[in-house]
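Visitor: test case, fold it:
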Amino acid sequence: MNLYGAQHHILVHSNAIDAEAHQHTFIQVTIALENYFQIEVQGEIISTTGIVLDSNVTHRLQGSEQALVLLLIDSTSSIAAAFKKYMGNQAYVNFPLELSKEIAEFLKARLPLIHDAETYRVFLQQLMTLFDLNHTLPVVTDSRIKELIQHMKDCTDSEHSIRNYAEQFGLSSSRLSHLFKENTGISLSGYLVLHKLQKACYLIFQGTSITDAAMLAGFDTPSHFANTSKRLLGMTAKDIRKDSVFLQVYSLH
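Guide: Numbers count the residues shown, from 1 in each chain. Alright, predicted model coming up:
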């Protein structure tokens with residue numbers, strides 16, 4: 001399994017995704033790299049090669065040994081807005097078969113070539129073009145938000161309180177959250193959830209125990225991390241550890 005941790009999403013390439021029925025605040029895109037897969041959405045079993053789900057839609061991605069690519073996107077981000085426009089007012093949309101096949105071939109060819117933030121940025125832009133979605137990264141202009149993002153990239157602490165970050169910049173929590181969303185197109189709270197999950201994964205892949213990784217990443221308890229991982233990624237922390245690679249591909253500047 002490969003995980004790619006970006007500023008507003010996580011991309012997972014795996015053949016071991018299996019989650020119980022749940023819902024979350026992220027937009028979820030799932031593409032099969034070979035065959036049809038089954039997903040339960042709001043009690044309905046759907047067989048598809050590619051699907052996008054709106055946030056807070058109950059679903060279950062049933063276990064399969066075939067390779068899938070799962071894209072979990074912060075629902076307040078600009079990339080999520082592009083997918084929401086694609087869905088209209090629907091809870092989910094199946095991608096046309098030919099589009100799913102084209103994207104699957106692209107993913108199989110390009111994912112092995114990603115090795116840093118720049119190659120991932122190009123990959124993501126090309127992927128959005130294949131989906132025929134108009135997506136451009138916002139430009140971060142506020143020096144305080146640039147500093148905060150750099151701090152998160154270089155993160156060495158386990159405290160991820162918006163209130164504490166706001167105090168560092170002499171701002172209220174609401175003001176910092178507003179500035180962050182204004183500059184990045186992403187909610188600060190959603191960014192922090194992804195950041196903690198990515199940090200825990202990174203630490204695990206560096207050899208840190210699951211318990212220590214959970215606490216160092218800022219989760220309240222190891223079980224909180226386990227539940228978050230299972231709910232969002234469809235895998236336990238132990239599953240993540242098996243034959244996995246994690247690459248941080250931040251592209252906000």
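Visitor: now the helix of greatest length in the chain: buried residues?
Guide: With residue count as the measure and DSSP state H as the assignment, the chain has helix 188-205 as its longest helix. Neighbour-count burial for helix 188-205 flags 188, 190-205 (criterion: 16 or more other C-beta atoms under 10 Å). In this view, the C-beta of every residue, glycine as well, is placed from N, C-alpha and C.
Visitor: and the residue with the largest distance to the centre of the chain, its phi and psi?
Guide: Within the chain, the residue lying farthest from the chain centre (C-alpha atoms, centre = their mean) is Gly170, at 30.0 Å. Phi and psi for Gly170, reported as degrees, to the nearest 10, are phi 70, psi 30.
Visitor: quick one: pLDDT of it?
Guide: With respect to pLDDT, Gly170 scores 95.
Visitor: give me the contact list for the helix or strand hosting Ile51.
Guide: Taking DSSP states H and E as the criterion, Ile51 maps to strand 50-53. Outside strand 50-53, the residues that touch it by C-beta atoms under 8 Å, 6 or more residues apart in numbering are 27-32, 39, 41, 59, 83, 86-87, 91-95, 99-100, 103-104.
Visitor: of those, buried ones?
Guide: The buried subset of those - by 16+ other C-beta under 10 Å - is 27-32, 39, 41, 59, 83, 92-95, 99-100, 103-104.
Visitor: tell me which of the residues you listed fall in strands.
Guide: Residues of the buried ones among the contacts of strand 50-53 located in strands (DSSP state E): 27-32, 39, 41, 59, 92-94.
Visitor: correct me if wrong: Ile210 contacts Ser229.
Guide: No - taking contacts as C-beta atoms under 8 Å, Ile210 lies outside contact range of Ser229: 9.5 Å.
Visitor: and the gap between Lys84 and Leu232?
Guide: Using C-beta to C-beta, to the nearest Å, we find Lys84 at a distance of 19 Å from Leu232.
Visitor: can you list the low-confidence ranges for the stretch 151-253 of the chain?
Guide: For the stretch 151-253 of the chain, the stretches with pLDDT under 70 are 240-244, 250-253.
Visitor: all strands for it, in order.
Guide: Per DSSP state E, counting those that start in this stretch, the stretch 151-253 of the chain carries strands over the ranges 245-248.
Visitor: in it, which spans are helices?
Guide: Assigned by DSSP state H, counting those that start in this stretch, the helices in the stretch 151-253 of the chain fall at 162-168, 173-184, 188-205, 210-216, 222-233, 237-241.
Visitor: any chance of a markdown table for the ones you listed, columns distance to Gln23?
Guide: Formatted as a markdown table, those follow (distance: least, C-beta to C-beta, whole Å):
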| stretch | distance to Gln23 |
| --- | --- |
| helix 162-168 | 23 |
| helix 173-184 | 23 |
| helix 188-205 | 14 |
| helix 210-216 | 23 |
| helix 222-233 | 9 |
| helix 237-241 | 21 |
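Visitor: buried deepest among the ones you listed, which one?
Guide: A comparison of the helices of the stretch 151-253 of the chain by mean neighbour count, using mean count of other C-beta atoms under 10 Å, puts helix 188-205 on top with a mean of 21.
Visitor: how far does that helix sit from the chain's center?
Guide: 10 Å (C-alpha atoms, centre = their mean, to the nearest Å).
Visitor: repeat for stretch 76-90
Guide: Its chain's C-alpha centre lies 15 Å from the corresponding centre of stretch 76-90 when counted by C-alpha atoms, centre = their mean.
Visitor: likewise for stretch 62-72?
Guide: 14 Å.
Visitor: which parts of that stretch are buried?
Guide: Using 16+ other C-beta under 10 Å as the test for burial, stretch 62-72 gives 64, 67-72.
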